[in-house]
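Chemist: sharing a sequence plus its predicted fold:
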Amino acid sequence: MEFICTQVMRSIEQCENNFTPMSIISPSSIIDLNGLDPSFMYTKLLKEIFLEMGHDEKAKIEFIKFCHALNSAAQSSPLADFIRDFEDHSPIWWYTKEPFIYVTLNRALRTQNVEILLKMGFFIEKLHKEIQQIHSKTMPTKRKTIYRGQAISISDLEKLKKSEGGLLSFNNFLSTSTSYRVASLFADSVRSDLDGIGIIFEIEIIPNNISIPFASLDNISIHSDHENEILFSMHTVFRIGELELIEDRLWFVNLTSTNDDDEQLHRLTEYIRTETKELTAKHRLGVMMIKMGEFDNAQLLFQTLLETESNDDWADQAHLHQQLGSVLQSKGDGLQALSNYYKTLQLIQINNISDYPLVATTYNHIGETHECMRNYSGALSHFEKALALQQNFSEFKQSDLAITYNNIGAAFQSKGEDNNALLHYEKSLNILEKSLPSTHPDIATALNNIGTLYYRMGDLENAQRYHLKALQIQEKVLTPTHIHLAATYNNLGLVHDLMGDHSSALLFFEKALRIRQAVLPCNHLSIAETYDTIGGVHRFMGDYPTAISYHTKSLEIKIAILPSNHLDLCTTYNSIGLACKLSGDYATGLSYYEKVLAIKQKNI
C-alpha cells in the first residue's frame, strides 16, 4: 500500500491534460478500417467487469482506507477533506475538484493498474453511473460540437497524419469542453514543451452514433462557471477527420463520434464474454488479466481471493487454486503450479464436486507443466486422462477437445514422434477453426505449433507460412507485450535464420527480446536463451564482438540461476569459445572449451 501511495502522489504533480495516451488505428494497417487496438477490447471487458462487481459497503470501506493511506503519505488537507466530506457531494463534483482523484484514476485506467482500480472500484462505479444517469436524461437530439485541448507526442502526431478515416480511442474518463477558447488555452499552454505538440480536437457528436455515455457538468463541476465541461465515461472511440496546422507546434484535428466496431474483434469480444460468463466478476477479472498477460496482477488477485473468500465454498476454492496454478505456470514456477493443481483435484475428490470440465482442464494444466519440466511421459498420461473425460461426457465444448489434442501433439513432438504430433495438431486446428472466432488466440497457438513442427522437419516454407498466420492473429488480438507474441517472433526468427535471411531473423529475435525483458524477471532463462540466439546470428554474420557481448549476457543469467554443472551452461560456454576462436583469440576460446569439457565430465 505504501508503494502505491508513493507512486500516486508523484502522479498528482502532472497535468491531467498532457500526453493522454491514445490508440490510433490507421485505415492502411493490417487491422481493417474499423479495427480497434486489442488493448481497447480487453480494457472494455475490464470496465464491464468492474461495473458488474456491485461494489458494496465493504468496497466503500476499502476505497476510504486507500484514501486514508494516501492522506497519511501526503499529509494533504484536500485528501482529509475528501475523506471527511465524501458523502456531501456527488462523484462528479469530487472528480472535477480534486486533482488526486482524476489523476490517480485516469493514470490507473491508462496503465491498467488493476491493484489501484480494485481499490477505486467503488468510486469508478459511482462516477460512471452518475454520468450514465445524466446522459439518459439529456441525450442530444441534434449534432453537437465540443473541443479538447492537450499535448501529444511527436510520434502520435505522425500517426494521426497517416490515419485520416481511421479510429482514435481514449481508454480513460475524457474531459472536453463546449468552449473552443478553453480547449485552445490548454493546447497553447503546452507548445513550449519540446517533447510534445499542442493539439485541439474538434469533436462532432452525432445523436444515436455514440455508445459511451457523456454528461454536461453545468451546475455539477467545481469548474462549471468557466470550463463548460463535458465528461465522457471510459473508452470512447472517434473517427479521425482532417488535420490542419494552425500555428507552429499547434494542430487542429476533426473527430466524429462513432460506435463502429471491427466485426472480427466484436465476435471475439463476445466469445470471451461467453467463455467467462459463468464465473463471478472477480474471477472473470482474473481470467481477463491472464489473457492480457498481466500475470503478477492475476496472481495477486487470486491469492487475495483465496485468503478472503469463504472457505465453505469448496467449488470456488477449487477454481481459484486451478487459476492460480495457471498463473504460476505462465510465470515459469512449475512446482508451485503443480501444488495448486493437485490442491484443486484434492478439493474436488474430498468434497465430491461434480465438475468434469474443471477436472479435465486441471489434468491438461498438469500435463503442460510436466512438459515444461521435460517429463514428457507424465505430460502425455495427464493429457490422455483429460481426453478420456472429454470424450465420455457431453458437457465439454469442441474447443476443449481441441486444446487436449494440441497438448497431446506437443507431448509427441517433445518425444520425437513427429508424425503423431502433426496428426494431433491438425485435429486440434480443424476443430478450433470450426468452433472459434477466426481471430481467437487459441487458433494462433495451434498454427504456431504446426509451424514449429514443420521447422523441426526441415520444411521451412510451411513453417514460415503457419507462423505468419499465427502472427496476423496475435498482433490483432493480443496486447503488444504479450508473452505469446514473443514466442511467435522467436519462431519466425529461427525460420528466417535457417533460410539465410539473417537481417530479418535479427529483427524478429530483437522483438522477442524486448517483450521478454518487459514482462519476465530480469534473470529468466528465456531471456538468456534469446541472448544466445541473437549472439549466434551475429557470430554467423562475422560480428564476433557483438556475438560475444550477447553470449556473455546470457552467461551472467545462467550462472545466477543454474547449478554450476548444468548442461545448459555448456551451450553458452561453447558459443563464446567459438566466437573467440573465429575472432583469432584462441587462448580465451580454449578456456571456454575447457569449461564445457569439465561440465560434461561431471554429467557422465
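Modeler: Yep, that arrived. Because the structure is predicted, anything quoted here is derived from the model rather than measured. Numbers count the residues shown, from 1 in each chain.

Chemist: who's in contact with the one helix or strand Ser591 maps to?
Modeler: If you go by DSSP states H and E, Ser591 is part of helix 586-602. Under the criterion C-beta atoms under 8 Å, 6 or more residues apart in numbering, residues 565-567, 569-570, 573-574, 576-581 lie in contact with helix 586-602. No exception for glycine: its C-beta is placed from N, CA and C like everyone else's.

Chemist: what's near enough to touch Ser428?
Modeler: The contact partners of Ser428, taken as C-beta under 8 Å, 6+ apart, are Ala402, Ile403, Tyr405, Asn406, Gly409, Ala446, Asn449.

Chemist: where's the helix or strand hosting the second one relative to the chain centroid, distance-wise?
Modeler: Using DSSP H and E, Ile403 falls within helix 398-414. Put simply, helix 398-414 sits 25 Å off its chain's centre (C-alpha atoms, centre = their mean, to the nearest Å).

Chemist: Arg107 against Asn113, yeah?
Modeler: Yes. Under the criterion of C-beta atoms under 8 Å, Arg107 makes contact with Asn113 at 7.3 Å.

Chemist: looking at the contacts of helix 586-602, which are in helices?
Modeler: Under the assignment DSSP state H, those contribute Leu569, Cys570, Tyr573, Asn574, Ile576, Gly577, Leu578, Ala579, Cys580, Lys581 to helices.

Chemist: quick one: these as JSON lines, columns for neighbour count too.
Modeler: As requested, the ones in helices among the contacts of helix 586-602 are arranged in JSON lines below (neighbours: other C-beta atoms under 10 Å):
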{"residue": "Leu569", "neighbour count": "19"}
{"residue": "Cys570", "neighbour count": "19"}
{"residue": "Tyr573", "neighbour count": "22"}
{"residue": "Asn574", "neighbour count": "16"}
{"residue": "Ile576", "neighbour count": "27"}
{"residue": "Gly577", "neighbour count": "23"}
{"residue": "Leu578", "neighbour count": "19"}
{"residue": "Ala579", "neighbour count": "27"}
{"residue": "Cys580", "neighbour count": "22"}
{"residue": "Lys581", "neighbour count": "17"}
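
Chemist: pull the most distant pair out of these.
Modeler: The most widely separated members of the ones in helices among the contacts of helix 586-602 are Leu569 and Lys581, with 18.2 Å between them, by C-beta to C-beta.

Chemist: distance of Ala69 from Glu98?
Modeler: Counting by C-beta to C-beta, to the nearest Å, the gap from Ala69 to Glu98 is 16 Å.

Chemist: same deal with Leu387?
Modeler: 57 Å.

Chemist: next: Met499.
Modeler: 58 Å.

Chemist: of these two, which one has the most company?
Modeler: More crowded of Met499 and Glu98, by other C-beta atoms under 10 Å: Glu98, with 19 against 14.

Chemist: next, count neighbours for the spatially closest residue to Leu324 that is not a sequence neighbour.
Modeler: With C-beta to C-beta, 6 or more residues apart in numbering as the criterion, Leu324 has its nearest non-adjacent residue at 4.2 Å, and that residue is Phe302. By other C-beta under 10 Å, 27 other residues sit near Phe302.

Chemist: got phi/psi on the residue positioned nearest the centre of the chain?
Modeler: The centroid of the chain falls nearest to Met292 when counting by C-alpha atoms, centre = their mean (3.1 Å). Backbone torsions for Met292, taken as degrees, to the nearest 10, come to phi -80, psi 0.

Chemist: okay, buried residues for the helix or strand harbouring Tyr363 please.
Modeler: Using DSSP H and E, Tyr363 falls within helix 356-372. The neighbour-count check on helix 356-372 (16 or more other C-beta atoms under 10 Å) flags 356, 358-371 as buried.

Chemist: follow-up on the earlier one: and the angle from the helix holding Ser591 to helix 568-582?
Modeler: Interaxial angle, helix 586-602 versus helix 568-582 (axes from the mean of the first three to the mean of the last three C-alpha atoms, to 10 degrees): 160 degrees.
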